[in-house]
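[1] Sequence first, then the predicted structure:
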Amino acid sequence: MSKNYLSLAVKNLKKQKLFSFINILGLTVGITCCLMIYLYILNEFSYDSFHKKGENIHRVMRVGNLNGERSEIPYLSAPYATALLNDFPGDIQQAVRVVPDNDLISYNNNAFNEKSIYLADSNFFQLFDFPLLKGNPATVLSEPGSIVLTASAAKKYFGNEDPIGKVVEFNKTRQLKVTGIAKDVPVNSHLNFNMIVPLSNFRSSAWFNQWPNNNLFVYVLLNPKSNPKQLVSRFPQFMEKYMGKFYAESGLKMGLTINPLSDIYFEKSSPFDNVKHGDKKMVYIFMSIAILILVIACINFVNLATARATDRSKEVGLRKVLGAMRKQLVVQFILESLLIASVASVLAIGLLLLLLPFYNNLLGYTLTPFWNNPFVYFFILAVILVVGLVAGSYPALLLSSFSPIESLKGKLRVGKNGAFFRKTLVVFQFGISVLLIISITIILTQMHYVKNKDLGFSKKQSMIVRLDNSEIWDKKIQLKNELQNNPSVESVSLMSGEPGGFHDFYTFEMEGKPGEKFLLNTEFADFEYVKTLNLKIIAGRDFSSQFKTDSVHSVMINRSAAGKLGFTPEQAIGKRIKNVGRDTIHRNIIGVLEDYHFASLKDPIAPLVIAANDDKRLALVKLKTKHLQKTINDITKIYSGLASSYPFEYDFLDERFNMLYKSEIRQESILSIFFYSDLHCLSWFIWFGNLYRR
C-alpha cells in the first residue's frame, strides 16, 4: 500500500511539473535559509563546550561600580591565582593565569609582530582541552625557555620542516625552543591564540608580584562537590585580607566573583575584555527569523496546494467512486507533502554546500563541518515532518473532503470557509513580512546612525602607530619630531588610548569635597591631543608649552566629568583634582572639553580626565595629503630607521572605530540577505498562486 501511495505521489509530481518545481523551489529556499541560521545558532551555543572539565571551569572576575553601574572586569593581577589556591584548597583544584600579549617572534629571516600570544601557566593544556599534535600536555610548558605553536603558526615560520626543537627569538631578548604543536584553535572558543609562552619567564618582573597591577585572566577548576555560590560568599574576606589596605588608601573598592566557562562568550563585551564575545539577543533574533521563514514557506505550500484543489477534484471523486476511503486519501496527500519536503531538504543541503564559502566569508569565520553533527540531521528530519505533516494536513483534509458526485460533474466549490482560510493565511504572510520589514528597517537605521553620527572629534586620515616595543618606545619623542617635520603630516599626538580603544579608570579626589571619591576614565596625552583630534574647548584653555606647569600640574576634563564633579564647565576651571591611585600631586583643571565619543556609541559618554603623563602607548598621526601611499612610505622609512628590528604596522582611526561595530554590521548584512530573499520568494509565490487560481 505504501509503495502504491509513493508511486502515485511521484506520478503527480511529474504530471504537474511547473507546480512541483515552484513548490519545491520555495521550500528549498526556505529550508536553506533555516539551515544556514541553524548552523549559526549551533555554533553560537557551542562555545567552549569541547573542554572536558568545562562544567567546573570558571573565570575569576573583579566586580565594581563604574559610573553607577555594576561592572565585571576580568583582568586580575598575578598574585590572585596563588592566593586563591592557598586560601580555598578544598574548593579550587587548579588555577591558570593567561596574559594576552603581542610580541616580536623571529626565526632566521622571518620576523612578525604576533598579536595573538598568550603567556600562560604550565598547566594550561591540562586545564583546557586544546589538542596537541606534538608534545605532552603535562610537560610542554614546564620549562621557561619553551614555546607552543599552533599548526598554522608553525607552517608560517617553518614551512614543511619539523618545528620541534627549533629555536625562535622572543622580542630579541629570549631564545625559546618549540616543544609542542597545537591544533588551530576552534572557532567556537572564546580564547584565541597562535602561540603559548610560559608565564614563568616573568616571575622576576616587578608587575608579577604587585596586587594592584591587573593585566591577566585567572581561570580556576572547582571541586565538583563545591558550591560556587558558597565560595563567592567567602570572597569579601579574601579581598579584605589582600586588598583592604590598598582600597582604604585609594578609595576604590572592588569585589570578586566567578563566572562559568560556558557563560563567558555571552558576557557583555567591554574594553576590559579582549576575548571573543557574542550577543545572545541577536541569536534569538536569528532564531525568530528562521521560524518566520519556515512559517512563510509552509503557508506558501498550503496556498499553492489549495490553489490547485479544483484540478485534483476529479481524481479525488474517481478514487472515492472506486472505493477509496477518506483516511486513505489523507495518507496519500500527506505522503505527497512529505515527499516534496524531503526532495526540498535534499536540494537545500546541496544549495547550502554551494553557499557555505560565501556564508563563511559573511560570518567572518569558518563553520565546523555540519555533516558530522547529528543535530543537523535531527533538524532536517524535524523540518520534513513539520512541513509534511503540519503544512500538508490542511490540503489533505480539504482535498479528501470533496463530494465525488460534484467532483466528477466539475461543479466543485471549495466554499466560503476554505476561501476565508486562504485569505487569512495570505494576510498572516503579509503580517510577517511587515514585521520583518519593520525589524530590518530599525536595524538599518541604527547602522546608518552609527556610520554617520558626529562623534565630536575628527577621525579622517588619522593613522595609529602603536608604541608596542622597547625600541620605538625609547625613541617616541624622536619619532614624533621626525613625523611632524614631514610636510604631509598635520600634527602628531602621543597618547595612552585612541578613541574607540582602551581608557584607564582611576579614582580621583576633588578639592573642597573631602571623603568623596570619583571613579573616572583617564587619558594620558601630550599637548597636541586636542589639536590632533580637533576637539572643542567649551571653557578654559588647552595645554600649552607657554605654561611650564602644564606638563605636571594641569589636567583637562570633559563636560560629563565636570557634571559628575558637581560643577558647570566654567565653575570647574581652576579647581584642583588628585589621582589617588597614581600619585599625590594635586592638578589644576585648566580646560573643559565638549563631550565626544571616546568609547563605543553603544555606551553613554562617560566622564574623562586628560592628563599630561609619560604613559604613552601610541602615536596618532593626522595626515593632510592626497598622496596617501607616498606618505605611508615616508612614515615607514622613519619608523624603520628608529626601530629596525620591528615591522612597521599601523591602522587608521576611522577603521579602528568602525571595528567596534564589526559584528553588528556583519549581522545586519546577514539579516538583510535572509530578509530580501524571503521577501522575493513571498512575492513570487503570491503572484504564482493568484495566476494559478485564475
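    Sure thing, it's come through.
[2] ok, how many other residues are close to Ser644?
    Here the count is done by other Cβ atoms under 10 Å, and Ser644 has 8 residues near it. C-beta coordinates here come from the backbone N, C-alpha and C atoms, glycine included.
[3] residues contacting it?
    Contacts for Ser644 (Cβ atoms under 8 Å, 6 or more residues apart in numbering) come out as Glu471.
[4] Would you work out how far apart the start and end of stretch 229-239 are?
    Stretch 229-239 has an end-to-end distance of 16 Å (Cα to Cα, to the nearest Å).
[5] Now do it: distance to the chain's middle.
    31 Å (Cα atoms, centre = their mean, to the nearest Å).
[6] Val218 pairs with what?
    In this entry, Val218 is beta-bridged to Arg97, by DSSP bridges.
[7] ditto for Phe518
    Under the criterion used (DSSP bridges), Phe518 bridges to Phe508.
[8] which residues does it contact?
    Counting by Cβ under 8 Å, 6+ apart, Phe518 makes contact with 507-510, 564-565, 607.
[9] Equivalent analysis for Leu601, please.
    449-450, 453, 455, 660-661.
[10] Next, it: phi, psi?
    Note on Leu601: its backbone torsions stand at phi -70, psi -20 [degrees, to the nearest 10].
[11] where's it relative to Val275, distance?
    22 Å (Cβ to Cβ, to the nearest Å).
[12] what about the stretch 201-350 of the chain, any weak spots by pLDDT?
    Applying pLDDT under 70 to the stretch 201-350 of the chain flags residues 270-272, 304-331.
[13] Please dump the contacts of Leu601 into JSON lines; it should also carry pLDDT, distance to Glu249 and secondary structure for every row.
    Shown next, in JSON lines, are the contacts of Leu601 (pLDDT from 0 to 100; distance: Cβ to Cβ, whole Å; DSSP: H, G, I helix; E, B strand; the rest coil):
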{"residue": "Tyr449", "pLDDT": "76", "distance to Glu249": "44", "secondary structure": "helix"}
{"residue": "Val450", "pLDDT": "71", "distance to Glu249": "41", "secondary structure": "helix"}
{"residue": "Lys453", "pLDDT": "80", "distance to Glu249": "41", "secondary structure": "coil"}
{"residue": "Leu455", "pLDDT": "85", "distance to Glu249": "37", "secondary structure": "coil"}
{"residue": "Leu660", "pLDDT": "72", "distance to Glu249": "35", "secondary structure": "helix"}
{"residue": "Tyr661", "pLDDT": "73", "distance to Glu249": "40", "secondary structure": "helix"}
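[14] Buried ones among those?
    450, 660-661 (16 or more other Cβ atoms under 10 Å).
[15] Switch the residues you listed over to TSV; also include distance to His586.
    As requested, the buried ones among the contacts of Leu601 are arranged in TSV below (distance: Cβ to Cβ, whole Å):
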residue	distance to His586
Val450	40
Leu660	35
Tyr661	39
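[16] Report how many residues lie close to Leu353.
    Applying other Cβ under 10 Å, we find 11 residues neighbouring Leu353.
[17] With Ile437 instead?
    With other Cβ under 10 Å as criterion, Ile437 counts 12.
[18] for the one 5 residues further on, same thing?
    Look at Ile442: counted by other Cβ under 10 Å, it has 10 neighbours.
[19] any idea which helix or strand carries it?
    If you go by DSSP states H and E, Ile442 is part of helix 416-452.
[20] from the contacts of Leu601, which two are the most distant?
    Within the contacts of Leu601, Tyr449 and Leu660 form the most distant pair, 13.6 Å apart (Cβ to Cβ).
[21] Would you mind listing where the stretch 401-550 of the chain has pLDDT under the threshold?
    Scanning the stretch 401-550 of the chain for pLDDT under 70 picks out 401-423, 425-426, 429.
[22] quick revisit: from the contacts of Phe518, which is closest to Val492?
    Proximity of the contacts of Phe518 to Val492 was ranked by Cβ to Cβ; the top entry is Pro607 with 26.7 Å.
[23] about what we covered before: which one of the buried ones among the contacts of Leu601 is nearest Asn372?
    Out of the buried ones among the contacts of Leu601, the member with the shortest distance to Asn372 (by Cβ to Cβ) is Tyr661, at 33.5 Å.
[24] Spatially nearest residue to the closest one, not counting backbone neighbours?
    Spatial nearest neighbour of Tyr661, chain neighbours left out: Val450 (5.3 Å); criterion: Cβ to Cβ, 6 or more residues apart in numbering.
[25] I am assuming the one you found contacts Glu664, so please confirm or correct that.
    Yes - assessed by Cβ atoms under 8 Å, Val450 is found in contact with Glu664 at 7.3 Å.
[26] quick one: the strands in the stretch 351-500 of the chain?
    With DSSP state E, counting those that start in this stretch, the ranges of strands along the stretch 351-500 of the chain come out as 462-466, 489-495.
[27] So for Asn65, which of those sits nearest?
    Comparing those by Cβ to Cβ, strand 489-495 comes nearest, at 26.7 Å.
[28] For the closest one, name the packing helices and strands.
    helix 476-484, helix 529-533, strand 618-623 (3 or more Cβ pairs under 8 Å, 6 or more residues apart in numbering; DSSP states H and E).
[29] Between the ones you listed, which one is closest to Trp211.
    strand 618-623 (27.4 Å).
[30] And the contacts of the next helix or strand after that closest one?
    Per DSSP H and E, strand 618-623 leads on to helix 628-642 as the next helix or strand towards the C-terminus. Helix 628-642 has contacts (Cβ under 8 Å, 6+ apart) with 461, 463, 465, 471-472, 475, 478-479, 482-483, 486, 488-489, 621, 623, 625, 648, 650.
[31] Restrict the residues you listed to the buried ones and give me that as a PyMOL selection.
    One line in PyMOL is enough to select the buried members of the contacts of helix 628-642, burial here meaning 16+ other Cβ under 10 Å:
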select buried, resi 461+463+465+471+472+475+479+482+483+486+488+489+621+623+625+648
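[32] Now the terminal residues of stretch 639-646, how far apart.
    9 Å.
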